[in-house]
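Peer 1: from the sequence below, what's the structure:
(one chain, ligands or ions: 1)
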Amino acid sequence: MANSLTSLSLCQLEPEQLAAAVELDRKCLGGLWSEAGYQREMESPNSDLLLLCTDHRPIAIGCVWAILEEGHITLLGVDPEFRRQGLGQLLLCFLLRRAYERGLEWATLEVRASNQAALNLYNRLGFQSVGERRGYYPDGENALILWNKGLRDQNYLIQLEGHYRHCRKRLQDSHWSLENILPTQEFLTLSRKS
Ligand SMILES: CC(C)(COP(=O)(O)OP(=O)(O)OC[C@H]1O[C@@H](n2cnc3c(N)ncnc32)[C@H](O)[C@@H]1OP(=O)(O)O)[C@@H](O)C(=O)NCCC(=O)NCCS
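Peer 2: Predicted coordinates:
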């Protein structure tokens, strides 16, 4: 792997990838959504379900729901084989960019209080803990409620572009080919989504 480049692409879930998405979900999120759940997300106009793929194989998955002016990040997971390279951060940049494109004002999510990896990642991208839901998870663990209230702040998108640039460079400097991934100079070029 060290000498050959692996091509990365950003995709929206296609019907033929449903089984692979459920398998990835099982591997990195412990089986959060079923095939029917992913099917619903594909069809929902309020949902952006994004994948990072190598040769059509999903290796990272994330989803944001638009509810009124809020972007709810409902899942984010990276295949354990590909963690700690910047893929989670790259995908989160894309999810937040989508939320911005939709005109949303805030982003929010719940995360296990013990999930330091995710907390570090979300804090870096501007999320702060504002409270907790006690015994939220089936095993009784508390969830922290994170909010990013600054989506529409003047400099937020520019800061996000900086994170995106950093991730892109980090991936490019390892074994990833990013020809199919949005160039940094186009990150601030937005399409209006409703
Ligand atoms: C959380 C998760 C998505 C991170 O994905 P990833 O691709 O490994 O993350 P990145 O490589 O983009 O890391 C970005 C930053 O997050 C933090 N981070 C990621 N993994 C970490 C770890 N194991 N320990 C501490 N911090 C970590 C670091 O700040 C890291 O930056 P750095 O590498 O410059 O130190 C991944 O660990 C995962 O899929 N976990 C299981 C599912 C999950 O918990 N999802 C979140 C639920 S809300």
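Peer 1: show me what counts as buried in stretch 54-71.
Peer 2: Buried residues in stretch 54-71, counted by 16 or more other CB atoms under 10 Å: T54, P58, I59, A60, I61, G62, C63, V64, W65, A66, E70, G71. All C-beta atoms are positioned from the backbone trio N, CA, C, and that covers glycine.
Peer 1: please identify the helix or strand for the fourth one.
Peer 2: When elements are assigned from DSSP states H and E, A60 belongs to strand 57-67.
Peer 1: from the contact counts, what lies against the next helix or strand after that strand?
Peer 2: On the C-terminal side of strand 57-67, the closest following helix or strand by DSSP H and E is strand 70-78. In terms of contacts (3 or more CB pairs under 8 Å, 6 or more residues apart in numbering; DSSP states H and E), strand 70-78 is packed against helix 18-29, strand 57-67, helix 87-101, strand 106-112.
Peer 1: what's the angle from the longest one to strand 106-112?
Peer 2: Pointing back at helix 87-101 there. Interaxial angle, helix 87-101 versus strand 106-112 (axes from the mean of the first three to the mean of the last three CA atoms, to 10 degrees): 150 degrees.
Peer 1: what about helix 87-101, average pLDDT?
Peer 2: Averaged across helix 87-101, the pLDDT comes to 97.
Peer 1: no more questions from me, cheers.
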